[in-house]
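**Q** Generate coordinates for the sequence data below:
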Amino acid sequence: MASPAAALGSRLDAARRVAVFTGAGISTESGIPDFRSPGGVWSTMKPIYFQDFVRSEEMRREAWTRVFNRSAGWTGASPNAGHFAVARLVERGKATAVITQNVDNLHQDSGVPADKVIELHGNASYAKCLSCGARHDLDELEPGFVERGEIPMCFHCAGLLKTATISFGQPMPEGPMTRAEAETLACDLFLVLGSSLVVRPAADFPLIAKRNGAALVILNREETPLDAIADLVIHDEIGPTLSAAIPG
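**A** Reported below is the predicted structural model:
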């Protein structure tokens, strides 16, 4: 009987087009905390809702304090073996894009071209203006806040700046959601890596793929609500399993 990694490798070899869907579990192996489990980000600090960020200077100051004291732990880590294995899938043309719920930029850091990473929940490694959409590097914003207490504002239009993540209460980004659906419908194998599959609407994509005739493979340490309909389920560490299934 083939090992789980060998079974995964065989399915990937046979697939024509793979849609890769990643959640927090692929990045916990890099030391980044997940969101909802005991000890996760939201068990140690309350989320700041988008509407509160926009209306309240106090909430904006708290949000930027969390950014620059790195209390959420979403930035500054390095990609792990799982990220590099996913990058190999993309490099070899087996996967045309990576759909991710993560905001840590680790897929890009592992070598996946930025235009092939579909970020459903945004990116914590830079800021965007809520008015004009201009991108701002955090390094440019940090001195003013840390040294002078200035809440970051857009250099171009003086609009409100926020990290480029999707906060609670903020609409899901239309462009990435449309791209993710297109990738889901085009694949013949949908590969879930490290997602609990409980956060909607993102968690609907594997179900859409399965209903469209694609094989569904789930690699996650814990059980998910879709395990029962998956074609292959592996409850194990992501980095070692993927490294064995997708050797360099």
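**Q** now Gln170, nearest residue through space, not along the chain?
**A** Phe50 (3.8 Å; CB to CB, 6 or more residues apart in numbering). Any C-beta I mention is one placed from the backbone N, CA and C, and that applies to glycine too.
**Q** Over to that neighbour: give its phi and psi.
**A** Backbone torsions for Phe50, taken as degrees, to the nearest 10, come to phi -60, psi -40.
**Q** One more: Val146?
**A** According to degrees, to the nearest 10, Val146 has phi -70, psi -40.
**Q** quick one: strands adjacent to the longest strand along the chain?
**A** In the chain, assigned by DSSP state E, the strand with the most residues is strand 122-129. Sheet pairing of strand 122-129 (DSSP bridges) gives strand 135-137 (antiparallel), strand 161-165 (antiparallel).
**Q** what's in contact with that strand?
**A** Strand 122-129 is touched from outside by 67, 72, 74-75, 103-105, 134-138, 141, 152, 154, 156-157, 159-166, 173, with contacts defined as CB atoms under 8 Å, 6 or more residues apart in numbering.
**Q** Phe84 contacts Val112, correct?
**A** No: the criterion here is CB atoms under 8 Å, and Phe84 misses it with Val112 at 9.7 Å.
**Q** In terms of packing, which of those two has more residues around it?
**A** Val112 (25 against 19; other CB atoms under 10 Å).
**Q** Now do the contacts for that one.
**A** With CB under 8 Å, 6+ apart, Val112 has these contacts: 86-87, 90, 98.
**Q** Please dump those residues into TSV; it should also carry neighbour count and distance to Met59 for every row.
**A** Formatted as TSV, those follow (neighbours: other CB atoms under 10 Å; distance: CB to CB, whole Å):
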residue	neighbour count	distance to Met59
Val86	29	35
Ala87	23	37
Val90	21	38
Val98	29	32
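**Q** from the residues you listed, which two are the most distant?
**A** Farthest apart among the contacts of Val112 by CB to CB are Ala87 and Val98. That separation is 8.6 Å.
**Q** anything in contact with each of the two?
**A** 107, 112.
**Q** Run a quick check on Ser78 versus Asp109, I expect a contact.
**A** Yes: the pair Ser78 / Asp109 is scored as a contact, 7.1 Å apart, by CB under 8 Å.
**Q** more crowded one of these two?
**A** Asp109 (16 against 10).
**Q** Lys46 should be in a helix, yeah?
**A** No: according to DSSP: H, G, I helix; E, B strand; the rest coil, Lys46 belongs to no helix; its state is coil.
**Q** List the residues that contact Met177.
**A** 120, 201.
**Q** Does it lie in a helix or a strand, and which?
**A** helix 174-186 (DSSP states H and E).
**Q** C-terminal to that helix, what's the next element?
**A** Assigned by DSSP H and E, the successor of helix 174-186 is strand 189-193.
**Q** Give the pairing partners of that next one; include direction for each.
**A** Counting by DSSP bridges, strand 189-193 is paired with strand 18-22 (parallel), strand 215-219 (parallel).
**Q** So which of those is the most surrounded?
**A** strand 18-22 (a mean of 27; mean count of other CB atoms under 10 Å).
**Q** helices and strands around the helix or strand following it, which ones?
**A** Using DSSP H and E, the helix or strand that follows strand 18-22 in sequence is helix 24-27. With contacts taken as 3 or more CB pairs under 8 Å, 6 or more residues apart in numbering; DSSP states H and E, helix 24-27 sits against helix 81-91, helix 238-245.
**Q** try 10 Å
**A** Judged by 3 or more CB pairs under 10 Å, 6 or more residues apart in numbering; DSSP states H and E, helix 24-27 is in contact with helix 81-91, strand 95-100, helix 106-109, strand 189-193, helix 238-245.
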